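Visitor: how would this look folded up:
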Amino acid sequence: ANVRLFPETSRIIRDAGVPAVEIFFASMLPRSDIKMHSDFTNFVLTSHLALDIPDSGEGKCRISVGDEMREWINGEVTLFDTSIMHDAVNESDKTRYILMFRVWHPDLTAVEREALQFIFDSLQLPELVSSDPGKRFIAEERLKILREFPKLKVKGFAAGKNMKKGKRKGTRRMRK
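Guide: From the prediction side, this is the model:
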């Protein structure tokens, strides 16, 4: 869904070749916190790109990892290991927005990344480990489709001149 909502951002990330496990926008409501926790996962690192930080630089929006505290600053990137205990706080009166990247740990080998990705894929598509070759083939084809970057039109309306208003307000139908 984010690819369709944010095509330029998605294209830039894809073209940059970020070794991402997942990338998404994250918000944190005003006057809220995320309690101290660990993700128990050290094969990925987490990175935050601060997009819209209320009171940026005033210490109201911050994250603690282990015994280190950092505040989010608009436009800055933070990288950390979520297997280490961490928490976050937004003491401002506005919502905080970041772009979160979960990236493969750089110490992993290509074989280790492929094995972990296969585990993730198999959880999403259990047929990948089916003893039935037909089911396995279909799952592999579905996985290819899931991984394909959508072909998007970013300029104007896709149907353009071929559309005209229908009888009901707000509806459109194709011209013949």
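Visitor: surely Ile98 is in a strand?
Guide: Yes - counting by DSSP: H, G, I helix; E, B strand; the rest coil, one finds Ile98 located in a strand.
Visitor: the nearest residue to it once chain neighbours are set aside pairs with what?
Guide: In this structure, Ile98 finds its nearest non-sequential neighbour in His48, 4.5 Å apart by CB to CB, 6 or more residues apart in numbering. C-betas here are computed from N, CA, C, even on glycine. When assigned by DSSP bridges, His48 has beta-bridge partners Thr78, Met100.
Visitor: enumerate every residue touching His48.
Guide: Listed by CB atoms under 8 Å, 6 or more residues apart in numbering, the contact set of His48 reads 26, 63, 72, 77-78, 98-101.
Visitor: try it again with 10 Å
Guide: For His48, the contact set (CB atoms under 10 Å, 6 or more residues apart in numbering) comprises 26, 63, 70, 72, 76-80, 88, 96, 98-101.
Visitor: cool, and Gly66?
Guide: When contacts are counted by CB under 10 Å, 6+ apart, Gly66 touches 80-81, 84-86.
Visitor: ranking these by neighbours, who comes first?
Guide: His86 (20 neighbours; other CB atoms under 10 Å).
Visitor: low-confidence stretches in the protein?
Guide: For the chain, the stretches with pLDDT under 70 are 1, 150-176.
Visitor: tell me where it has helices.
Guide: 2-5, 7-16, 110-124, 133-147 (DSSP state H).
Visitor: circling back to that earlier point, pull the most distant pair out of the contacts of His48.
Guide: Within those, Leu79 and Arg96 form the most distant pair, 17.8 Å apart (CB to CB).
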